[in-house]
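> model the structure of this input:
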Amino acid sequence: MSPVLKAVVTTKYGTIVVEADVPGAEVYVDGNKHPDSTPTVISNVIEGLHVVEVRKSPAMPWKQTVQVVADTQVKVRAELQSTLGGAVGSIRVLSNVPTARVYLDGVDRGAIEQGVDLKDIKPGEHVIEVRAAGHQSREERVTVNAGSSAVLKLDLTATVATDEGTLKVISAVPGAQVFIDGEPVGRAPQEKRVGAGEHFVRVDLTGYKPFEQKVRVEAGQVLTVQAELQAVGQLRLISNPPGASILINGMPASGVTPLDTEVAAGTTVVRIELPGFDAQERTLEIGGGRSETISVTLERSAPTGAQAAAEQRGLSSFGARTLPRGRSTVDMGAGFPYFLNLKIGVGAGRVKNFGFDAGVQVRTMLARSELGLGARLMLVDAEPFSLGAFGDLWWGSKLLDESKRNGATFDLGVAASLTALTHVTVTGRAWLEAWSDRHCPALTDAGDFDGEPIDSCASYKAYIEDMAGNAGFAADAARMEELTGSTGLEMFDRDGGARVMMSVGAEIAVRQRWNVWFVLEGAPFQDERALFTGLFTGPMFDSDFGTYGKAGLTYKF
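Coordinates of the predicted model:
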């Protein structure tokens, strides 16, 4: 059934805005003078064609036919200046075929579209022709008077070809837009005469998957195309990490997350997969014309036996790659300036693309033993390269006497590593080391030491109290002042400073659970640290050479 509805006829009104290139011109609508002169707005004009005339002496009257549409505004502009001399006229050409072209005396003056204005036409007889493909051309001779303005409508008749057929497009869903060979022809149902041969039909409607079909029309026949429109919705898929593959109702989607795609309305099962992560599946109802978003955070899959073994073998205590959750290491080493080192590290896992672990450390130089807390943050993990940051906080003292020696050290820096086949990890580090050390006991109000000073501190106090009687200590006193930057009683305050440290190290997996490691570090071209000299720490050398090293073993589990 194709019922035809007829609109109830009611009076509808629109508005005409009249302007002119000269002020104060008289305005006439359908021969009736309007009370206002240009520019003016004429309201309550009945829908349909009307003739607007603008007059101002000595210019020739200007006329134009306008189409008034209900509840809309149409604007016209009268050009009287060009007619003051009375030398030219103008014609507005209209047609029922928007693609038709207008020719004035054989000269192409453009496509019709909404109308072509032929201006500055010399008085006399002229030929106006309208042509369009698939239509019979039409021409008309007109006489143009000086200062005249007219409207000419030349409708064209489609040519009837013997090699044409009829293409009819229908749809069960009302309001769908029909395209034939890419050209819009209106809303379904549509019927159009087309040339015999193949044609491409497309039917679009918001909220439905476009219907597309190539058909062949025979000459003199009617071909009916039933457009089956399937309701669809928009689905946006996001995953963390991105780059996951997608299955929609068991079929692979054309792309990876993040992805915007169109899916059929109804129950939809979406599965998101990424190697090394547990797949996630969602079931949802998609409504036609509606948008849905699925956002998932993928969890890493439990490693296989081989993967777990490779992971354990590649664990690193000094590199930029942090320990996975559930993994731990124990490092035992010896070196200089700290003779013995022990560290226990525990993996905390990952948050998004960042890894984190932490550790407890102990080290000693005999004259002072320190307890430390450390943490690593992995910023980049792109096998074989990794980049991270680390920080350590140390506190220690001389445990078995009353010398009051103690100190705190804080390290903050970055590390970059290269790993080869999980067997060797080479790491470069750079960090800022800041410290606050106490080498001598503080002085009481009475001027005595609040503790048992080491020999250097006692000798320095005796020297500043009686330089002449202790002249033999002058060289050591000057050295102590050079190292700490303090003189006099300031020597018995805390000694603080900072310098930039750098290191390079290698960790070699000699067994599944064991690493051998070597680290060379130093503070090139920088001041000495007093703690690392023999005047303040007995086992040290006379000078802090700024170059240190250590080596040891790591047990991984």
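> where does the prediction get shaky in the stretch 1-150 of the chain?
7-9, 82-87 (pLDDT under 70).
> please enumerate the helices of it.
Taking DSSP state H, counting those that start in this stretch, the stretch 1-150 of the chain contains no helices at all.
> residues near the residue nearest to D437 when sequence neighbours are not counted, how many?
The spatially closest residue to D437, leaving aside those adjacent along the chain, is G407, at 3.8 Å (C-beta to C-beta, 6 or more residues apart in numbering). Every C-beta, even on glycine, is put in place using the N, C-alpha and C of the backbone. Using other C-beta atoms under 10 Å, the number of residues around G407 comes to 19.
> does G407 belong to a helix, a strand or coil?
On the three-state scheme (DSSP: H, G, I helix; E, B strand; the rest coil), G407 is labelled strand.
> numbering from 7 from now on, please.
Shifting the count to begin at 7 puts that one at G413.
> so it sits right up against R374, yeah?
Yes: with contacts counted by C-beta atoms under 8 Å, G413 reaches R374, the gap being 6.8 Å.
> overlap of the contact sets of those two?
G402, S403, L537 (C-beta atoms under 8 Å, 6 or more residues apart in numbering).
> contacts only, for the residue nearest to D443.
With contacts taken as C-beta under 8 Å, 6+ apart, G413 has the following neighbours: R374, E376, W401, G402, S403, W441, S442, D443, R444, L537.
> what ranges of the stretch 157-306 of the chain fall below the confidence cut-off?
For the stretch 157-306 of the chain, the stretches with pLDDT under 70 are 166-168.
> for the shared contacts of G413 and R374, give me CSV that also has neighbour count, secondary structure and pLDDT.
As requested, the shared contacts of G413 and R374 are arranged in CSV below (neighbours: other C-beta atoms under 10 Å; DSSP: H, G, I helix; E, B strand; the rest coil; pLDDT from 0 to 100):
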residue, neighbour count, secondary structure, pLDDT
G402, 22, strand, 96
S403, 16, strand, 95
L537, 22, helix, 96
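> before we move on, back to that, so the residue nearest to D443 bridges to which residues?
The partner list for G413 in beta bridges (DSSP bridges) reads G402, D443.
> sorry, back to before: just curious, which of the shared contacts of G413 and R374 is nearest to D27?
Closest approach between the shared contacts of G413 and R374 and D27, by C-beta to C-beta: L537, at 94.3 Å.
> what sits against that closest one?
Under the criterion of C-beta under 8 Å, 6+ apart, the neighbours of L537 are P343, R374, G413, W441, D443, H445, D501, T543.
> check the offset of stretch 436-446 from the chain's centre.
Taking the mean of its C-alpha atoms, stretch 436-446 sits 43 Å from the chain's own mean (C-alpha atoms, centre = their mean, to the nearest Å).
> run through who's touching that stretch.
Under the contact criterion C-beta under 8 Å, 6+ apart, stretch 436-446 has outside partners 396, 410-420, 455, 459-460, 462-463, 466, 490, 497-498, 500-508, 529, 535-537, 542.
> what's the answer for stretch 377-394, then?
325-328, 349, 351, 356, 359-369, 395-402, 420-426.
> stretch 344-351: how far from the chain's middle?
Its chain's C-alpha centre lies 45 Å from the corresponding centre of stretch 344-351 when counted by C-alpha atoms, centre = their mean.
> could you do stretch 191-202 as well?
Shown here is stretch 191-202, whose average C-alpha point lies 44 Å from the average C-alpha point of the whole chain (C-alpha atoms, centre = their mean).
> so what's R193 up against?
Going by C-beta under 8 Å, 6+ apart, R193 touches P180, G181, A182, Q183, V184.
> what about the helices in the stretch 357-506 of the chain?
Secondary structure of the stretch 357-506 of the chain by DSSP H, counting those that start in this stretch: the helices cover 461-471, 480-490.
> residue most distant from the centroid, the chain?
Of all residues in the chain, the one whose C-alpha sits farthest from the chain's mean C-alpha position, using C-alpha atoms, centre = their mean, is G475 at 76.4 Å.
> buried ones among the contacts of stretch 377-394?
Buried members of the contacts of stretch 377-394, scored by 16 or more other C-beta atoms under 10 Å, are 325-328, 349, 351, 361-363, 365, 367-369, 396, 398, 400, 402, 421-423, 425.
> narrow those to those in strands?
In strands, defined here by DSSP state E, the members of the buried ones among the contacts of stretch 377-394 are 349, 351, 361-363, 365, 367-369, 396, 398, 400, 402, 421-423, 425.
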